[in-house]
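Student: Provide a 3D model corresponding to the input given below.
(chains A, B, C and D)
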2 protein chains.
Amino acid sequence: MNLKQLSQMLGLSQTTVSRALNGYPEVNHETRERVLKAVRETGYRPNKAAQRLATGKAGSIGLVMPTSPGNSSDVHFSEFLTGLGEEALRHDFHFVLTPADPNDEVGALRRLAASGNVDALFVNYMRGHDPRLDMLKTLSMPFLVHGRSIGSEPDYPFLDIDNEAAFYDATKLLLQLGHRRFALLNGPIYLDFAIRRKKGVDAALAERGLALDEACVSHTAMTDEQGLFTMERILQMERERRPTAVLCSSTVLALGAVRAINQAKLRLGEDISMIAHDDVLTLLKPENFTVPLTTTRSSLRAAGVRIAERLIGEIKHTDTFPAQELWKAELIVRASTGVAPAD
Amino acid sequence: MNLKQLSQMLGLSQTTVSRALNGYPEVNHETRERVLKAVRETGYRPNKAAQRLATGKAGSIGLVMPTSPGNSSDVHFSEFLTGLGEEALRHDFHFVLTPADPNDEVGALRRLAASGNVDALFVNYMRGHDPRLDMLKTLSMPFLVHGRSIGSEPDYPFLDIDNEAAFYDATKLLLQLGHRRFALLNGPIYLDFAIRRKKGVDAALAERGLALDEACVSHTAMTDEQGLFTMERILQMERERRPTAVLCSSTVLALGAVRAINQAKLRLGEDISMIAHDDVLTLLKPENFTVPLTTTRSSLRAAGVRIAERLIGEIKHTDTFPAQELWKAELIVRASTGVAPAD
DNA sequence: TACATAATTGAAAGCGCTTTGGAAGTCTGG
DNA sequence: CCAGACTTCCAAAGCGCTTTCAATTATGTA
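Tutor: Predicted coordinates:
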């Protein structure tokens, strides 16, 4: 069933039916009712491809899904996706997910844009001086960045959390509790958030004339396995060098790290303190850890909702938003942080 | 840059350029090279909407993403998605993700099909007598089901694992080790896999004249939180009624359950045995648990790859596949299963 | 040389929708 | 009763691509 058939059925022109459907004012009320009724009865649905071709609007947001045989699926990504979806649902938008080889994200993005399948683009997992930014700026298509790219001119629309401040605050709290030796279990070093979080830690330590022992810093994928391995390694250091405070970039990393701590028969919050960043994953709640975890908290899902909201608003030209948003993370103190043990 | 411009630039007709691009044999080798070179230089990309309109093929697979404010994002879903993406990448396919209110999945599916945005549909999280099946059968569009729907005629294409056999085998192993009282931490009761897994347990027990104590059976979302809560509750039962063996529908549930067991100062594999179903989540490896977990294993990601492969094959009419596949899960014994403790 | 055959290329007709530019028909007020 | 202003509707021109049908040239054969 297409427009032509429908309009013939009704004895109207395609023009009128189309207008009735799209809410144009110049169609008789009675005629519109008749059209709407027919639509209901026949189950007619406009062909999106044709609509897209005619209007240039697709009603969809494109995103590149980093994927490769070796690449792991990522809880953080799916949590975020859920937020995007939640908002998109309200506006009858959908997503076009293009899987891409991580080595060719720029190409994948360009192809996605040129395909005419999407109205706007979205990127995340930003890196330092991210090459995708330059490409996006050349495109005349709305886009939004989740995160930022250190080393690039900040002249693009983004939504980010203040990673540096979050880890600065967390470190400061631990310093106040008397800790002097720190470990940092961070995400991959090339990612912007990891860079900023380390900067936050460094800054807080520098204020006290301290510095991170590089042997206590790791940059790994954010899985519990890596958390376990890294923490095991760190705990094997001789006593006087071993850190008494640990900062984790994710509760997932923390999950493994806590297990390592338990296996070493150390008491979390007493022998060793920990603060993790909490993306508010539904899977993993820091308050449900055996020793509830002190965290810096910012919901990935909420970020997803907000990003969809902004992107859709821009496509529809309904709203204007601040181009750049920086969210503060909350520092929530639970039982995993305690005063530093006496040496 | 569109076809028309490109062909004018080359002094060729749109026809020839189109044919050169799509690999038709009747175009001069030299001409084709010229076209390809121009494409590379200009970065021309065919407009997908136009292609879609002309051919009726969209090069995309539709899937409905269950989403609502209360609904949790799901690691299992994202693991699976990664597999889909991995295969889709090889064929230059993409996914159209339509978020949908869980109460209107049938409607969302129908709209997605009618939109003309997708060539094939995919559904998962099957329920008993799933209403989506009837709808899919009326559509003249290829579809594939991940899982099955107990209570419906099995006359639809699916890929499933043999959940009943997996849990039958697992239960049998525990019986052989002398266990007599069992707990089952299962997924939501309305889901097909949960129903079948319970059937497997029931069947194995019935052979020995045993049955599940309903107080030891839970049907919850598969999060570590629920695992923790449920296990805590179960461990509070009086000693002679308390189960000595636990079956978990997911390693995520097991994660919480193990924590409850640790907190109760019970030794996994000695005081209490556990077998979990392992979807091979990159996040969570059963071999990395403090006490490595005995599991029934079947990779969700591999299922994703296979499903994409079948769906794409069907769309392109390149391959024929068996309509229905039932994969066996492997039973992998690790340290979490031991002989039943003497009463 | 003449004619059949193969190898290349093009013109034009859609695919299903939106939208521009009228064209009727219907109301007003003078 | 008619000019001017609405209202309501339609014909037709695209959007950018594929594909059918046909034309043109090159190659081979008798």
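
Student: Check the secondary structure at whichever residue of the stretch 151-300 of chain A sits closest to chain B for me.
Tutor: Across the stretch 151-300 of chain A, the shortest distance to chain B (CB to the nearest CB) belongs to residue A:282, at 3.7 Å. The C-beta positions use only the backbone N, C-alpha and C, and glycine is treated the same way. With DSSP: H, G, I helix; E, B strand; the rest coil as the basis, residue A:282 sits in coil.

Student: Tell me, how many residues neighbour it?
Tutor: Residue A:282 has 19 neighbours, counted by other CB atoms under 10 Å in any protein chain shown.

Student: now the residue lying closest to residue A:309 once chain neighbours are set aside: how far from residue A:266?
Tutor: Counting by CB to CB, 6 or more residues apart in numbering or on different chains, residue A:309 lies nearest to residue A:87, which is 5.2 Å off, once chain neighbours are set aside. According to CB to CB, to the nearest Å, residue A:87 stands 43 Å off from residue A:266.

Student: Over to residue A:168?
Tutor: Residue A:168 is 26 Å from residue A:266, by CB to CB.

Student: Compare those two (neighbour count), which wins?
Tutor: Between residue A:168 and residue A:266, counted using other CB under 10 Å, residue A:168 has the larger neighbour count: 22 against 15.

Student: correct me, but that one touches residue A:206?
Tutor: No: counting by CB atoms under 8 Å, residue A:168 does not reach residue A:206; the two are 10.4 Å apart.

Student: The residue in chain A positioned nearest to DNA strand C - how many residues pack around it?
Tutor: With CB to the nearest atom of the strand, the shortest gap between chain A and DNA strand C falls at residue A:3, namely 2.7 Å. Neighbour count for residue A:3, taken as other CB under 10 Å: 17.

Student: What of residue A:166?
Tutor: Residues near residue A:166, counting by other CB under 10 Å: 26.

Student: ok, now the one 4 residues further on?
Tutor: By the other CB under 10 Å criterion, the neighbourhood of residue A:170 contains 28 residues.

Student: Would you mind measuring from it to residue B:297?
Tutor: In terms of CB to CB, residue A:170 sits 38 Å off from residue B:297.

Student: same question, residue A:262
Tutor: With distances taken as CB to CB, residue A:262 is found 26 Å from residue B:297.

Student: cool, residue A:333 as well?
Tutor: Taking CB to CB, one finds residue A:333 at 40 Å from residue B:297.

Student: Might you list the low-confidence residue ranges for the stretch 1-150 of chain A?
Tutor: In the predicted model, the stretch 1-150 of chain A carries pLDDT under 70 at residues A:66-73.

Student: what do you get if the cut-off is 90, keeping everything else the same?
Tutor: A:1, A:23-27, A:43, A:45, A:48, A:56-60, A:63-105, A:107-117, A:125, A:138-141 (pLDDT under 90).

Student: All the helices of it, in order from the start?
Tutor: A:3-10, A:14-21, A:29-42, A:48-55, A:75-90, A:105-114, A:131-138 (DSSP state H, counting those that start in this stretch).

Student: Report the buried residues of the fifth one.
Tutor: By that I understand helix A:75-90. Residues of helix A:75-90 classed as buried: A:75-89 (neighbour count, 16 or more other CB atoms under 10 Å in any protein chain shown).

Student: Centre of the chain to that helix, how far?
Tutor: 9 Å (CA atoms, centre = their mean, to the nearest Å).

Student: now the second one
Tutor: A distance of 40 Å separates the C-alpha centroid of helix A:14-21 from that of its chain, computed with CA atoms, centre = their mean.

Student: Go through the helices of the stretch 1-150 of chain A and pick out the most buried.
Tutor: Ranked by mean neighbour count, the helices of the stretch 1-150 of chain A are led by helix A:75-90 with a mean of 23 (mean count of other CB atoms under 10 Å in any protein chain shown).

Student: what packs against that helix?
Tutor: strand A:60-66, strand A:94-100, helix A:300-316, helix B:75-90, strand B:94-100 (3 or more CB pairs under 8 Å, 6 or more residues apart in numbering or on different chains; DSSP states H and E).

Student: The nearest residue to residue A:269 once chain neighbours are set aside: neighbour count?
Tutor: With sequence-adjacent residues excluded and distances taken as CB to CB, 6+ apart, residue A:269 is closest to residue A:338, at 4.5 Å. Using other CB under 10 Å, the number of residues around residue A:338 comes to 22.

Student: and what of residue A:211?
Tutor: Residue A:211 has 11 nearby residues by other CB under 10 Å.

Student: Could you check which helix or strand contains it?
Tutor: Per DSSP states H and E: residue A:211 is located in neither a helix nor a strand.

Student: do the same with residue A:325
Tutor: strand A:324-327.

Student: Quick one: mean pLDDT over that strand.
Tutor: For strand A:324-327, mean pLDDT is 96.

Student: The helix or strand just after that strand pairs with which strands?
Tutor: Per DSSP H and E, strand A:324-327 leads on to strand A:330-332 as the next helix or strand towards the C-terminus. Sheet pairing of strand A:330-332 (DSSP bridges) gives strand A:294-297 (antiparallel).
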